Structure formats: C-alpha cells, structure tokens
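K.L.:
dropping a prediction and its sequence here:
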Amino acid sequence: MARPIQSSPLDEQTLLRLQGGVKGRFARSFSVLQGNVDTLERYLQRHTNGAVQDDTEPLFESIYAQIDALEHLSTNAVDLLNGTVLHDPQQLQPMDVAAFLRAFCAGTNEELACRGAGAHITLDLPAGQGLYLPASEALLNALFVNLITNSVHVRHDTVITVSGGPGNVLTYRDTGPGPAPELLDILRGGAVSLALLHRGGMGLLVAAVCAQDLGWQLEPEAGAGGFALGMHLPQSQPAPAAVLCSDAGQRALQDRLRRLLRRELAYALRG
C-alpha cells in the first residue's frame with residue numbers, strides 16, 4: 001500500500017516562489033558550468049595543436065553528456081520536491097482524467113513525430129467517456145511524462161498503450177523490457193536508496209510520489225512481450241459543472257504538454 005505524503009501548509013504563492021527559486025538556482029549553476037566548459041574548449045582550440053584537440057574531443061563530448069544528464073536529474077529533483085514537500089493535496093480539483101489523457105496522448109504523438117521517433121502511444125478508452133477524479137494537471141503531467149520518457153529512453157520505437165479496465169484501473173503498457181526488477185519496487189512504494197536512484201530510479205520515484213499524492217496505487221508487473229503497470233484509481237465521481245473537456249481546453253493542454261515533452265524527450269531520445 002502506498003505510504004501517505006505529508007501535506008504542506010504553505011500557500012500557493014509561496015509554493016510558486018519556492019519552485020521558481022529552486023529551478024532558477026539550478027539553471028544558473030548549469031549556465032555557469034556550461035560557460036566554463038565552453039571557455040576551456042575554445043582556449044584549447046586556440047592554444048593547442050590539432051593532435052591535442054583530437055585527444056580531448058571525446059572528453060568534452062563526455063562532459064557535455066554529463067551536463068545534460070545532470071540537468072535532467074535536477075528537473076526530476078525539483079518535480080520530486082514539489083510532490084513530496086511543496087504539494088498540497090487540498091489543491092486537487094475535480095478533473096476529467098480521460099480528457100486529460102486524450103490530450104496527453106495526442107500531444108505526445110505530435111512531439112514524437114516531429115522528432116522522427118518511431119515510438120507511439122495509444123489510448124484505449126471508450127470515446128466520449130469521462131473519468132472524473134480529484135487531480136491536478138501538474139501531478140498528472142509529472143506522472144505520465146516520467147513513465148513515457150523512461151519507456152522511450154529504453155527503446156526509441158516502443159509502442160505504448162494506456163487502457164481502461166474494470167474496477168477503476170488504468171493499465172500502462174509498453175513493448176520494451178521495462179525497469180530492472182529491483183527498480184520496480186520503487187513504483188510500489190518500496191524503500192529507495194542512492195544506488196537505485198543512480199541506476200535510473202529518479203524518474204520512477206517522481207512517478208510514484210505523484211501517484212501517491214493523487215491517491216492512486218501502482219502495481220507493476222513484468223511479463224512476456226513488454227512491461228505493464230496497473231494504476232488503481234479512487235472511486236470516480238459524477239461529472240462536476242466545470243471540467244477539462246472542451247476542444248479549446250484540450251488544445252491548450254496539448255500546447256503546455258508539448259513544451260514539457262520537448263525538453264524531456266530530447267534527453268530520452270539521445271543515443
């Protein structure tokens with residue numbers, strides 16, 4: 001069973017300032033680091049011969065790759081901070097999660113196509129059917145973006161399906177090998193160590209924390225032919241007066257998603 005997350009008494013404006021402050025400090029640090037490396041590379045180009053430059057080129061490629069990886073991890077760390085410390089469960093509002101998923105899948109496929117990736121995501125839900133739950137766009141984004149980018153990073157041409165089932169269960173499937181068995185326990189709310197995070201568990205931890213905040217229970221299973229993750233949802237509610245369902249609302253959501261996905265997929269599709 002997922003462990004409860006302690007809520008924060010901070011008001012929304014304070015949360016936004018803290019979020020912006022943490023992201024800003026990371027961004028400034030990476031900007032300085034990138035600038036220093038660029039300066040060093042230009043210095044070597046001007047003051048050394050071609051043999052030295054050829055010898056150091058793989059080193060600089062490795063450094064730039066590590067900067068990209070650290071920047072990606074810092075983004076996950078901020079998402080995790082927002083989920084575990086700054087997120088207030090009282091901010092959850094009635095939302096049509098099915099409409100969110102339709103917009104999410106459409107936006108993801110558009111961005112994958114723009115990048116020439118072979119991966120694709122399909123939503124298998126009855127057309128026009130709503131799924132009304134307390135939720136927030138930020139938590140849903142972080143949950144599904146981390147799952148998608150993990151799948152695409154492991155296999156660039158993976159086929160992903162999100163489907164509904166009886167008992168208020170969503171199932172996320174892909175055609176890749178899935179996380180290593182020891183990482184799967186993170187999705188069940190198991191103990192987390194630095195060793196697991198170093199092995200690629202940060203994104204899974206963000207997804208698990210977001211699911212806990214939403215009140216969703218995750219149950220992964222690795223089987224022949226791909227990876228499957230069951231999402232046991234709270235009891236759905238009657239449709240509220242105002243929900244995310246209009247075409248304009250879905251288009252705006254897709255635009256916001258694509259800005260987020262553009263950054264995350266750039267990292268996931270490397271190599």
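P.N.:
Okay, I see it.
K.L.:
give me the local confidence score for the residue most central in space within the chain.
P.N.:
Central residue of the chain (C-alpha atoms, centre = their mean): residue 146, 2.3 Å from the mean position. According to the per-residue confidence, residue 146 scores 86 in pLDDT.
K.L.:
pretty sure it contacts residue 208?
P.N.:
No: in this structure residue 146 lies outside contact range of residue 208 using C-beta atoms under 8 Å: 9.3 Å. (Glycine included, C-beta is placed from N, CA and C.)
K.L.:
where does the stretch 101-250 of the chain dip in pLDDT?
P.N.:
Across the stretch 101-250 of the chain, the stretches falling below the confidence threshold (pLDDT under 70) are 194, 197-200, 222-225, 240-250.
K.L.:
now do the strands in the stretch 151-271 of the chain.
P.N.:
Using DSSP state E, counting those that start in this stretch, the strands found in the stretch 151-271 of the chain span residues 159-165, 169-174, 217-223, 226-232.
K.L.:
what about the residue with the largest distance to the centre of the chain? Give its phi and psi, please.
P.N.:
Among the C-alpha atoms of the chain, the one farthest from their average position, using C-alpha atoms, centre = their mean, is that of residue 49, at 43.6 Å. In this entry, residue 49 is assigned phi and psi values of phi -80, psi 170 (degrees, to the nearest 10).
K.L.:
check residue 237 too.
P.N.:
Here the main-chain torsion angles of residue 237 (degrees, to the nearest 10) amount to phi -120, psi 160.
K.L.:
residue contacts, it?
P.N.:
The neighbourhood of residue 237, defined by C-beta atoms under 8 Å, 6 or more residues apart in numbering, consists of 94, 132, 133, 134.
K.L.:
quick one: which of the residues you listed is most hemmed in?
P.N.:
Within the contacts of residue 237, most neighbours by other C-beta atoms under 10 Å means residue 133, with 23 neighbours.
K.L.:
for it, what are its contacts?
P.N.:
Residue 133 makes contact with 94, 95, 97, 214, 233, 234, 236, 237, according to C-beta under 8 Å, 6+ apart.
K.L.:
okay, and it sits in which element?
P.N.:
strand 132-135 (DSSP states H and E).
K.L.:
centre of the chain versus that strand, how much separation?
P.N.:
Distance of strand 132-135 from its chain centroid, counting by C-alpha atoms, centre = their mean, to the nearest Å, is 19 Å.
K.L.:
for stretch 155-170, same thing?
P.N.:
On the basis of C-alpha atoms, centre = their mean, stretch 155-170 sits 16 Å off its chain's mean C-alpha point.
K.L.:
so what's residue 172 bridging to?
P.N.:
For residue 172, the beta-bridge partners under DSSP bridges are residue 162, residue 229.
K.L.:
which residues touch it?
P.N.:
Under the criterion of C-beta under 8 Å, 6+ apart, the contact list for residue 172 reads 147, 160, 161, 162, 228, 229, 231.
K.L.:
in PyMOL, how would I select the buried members of these?
P.N.:
Buried members of the contacts of residue 172, identified by 16 or more other C-beta atoms under 10 Å, are gathered into one PyMOL selection as follows:
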select buried, resi 147+160+161+162+228+229+231
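K.L.:
okay, the contacts of residue 172 in JSON lines with distance to residue 179 next?
P.N.:
Formatted as JSON lines, the entries for the contacts of residue 172 read as follows, by distance: C-beta to C-beta, whole Å:
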{"residue": "147", "distance to residue 179": "10"}
{"residue": "160", "distance to residue 179": "14"}
{"residue": "161", "distance to residue 179": "17"}
{"residue": "162", "distance to residue 179": "17"}
{"residue": "228", "distance to residue 179": "12"}
{"residue": "229", "distance to residue 179": "10"}
{"residue": "231", "distance to residue 179": "16"}
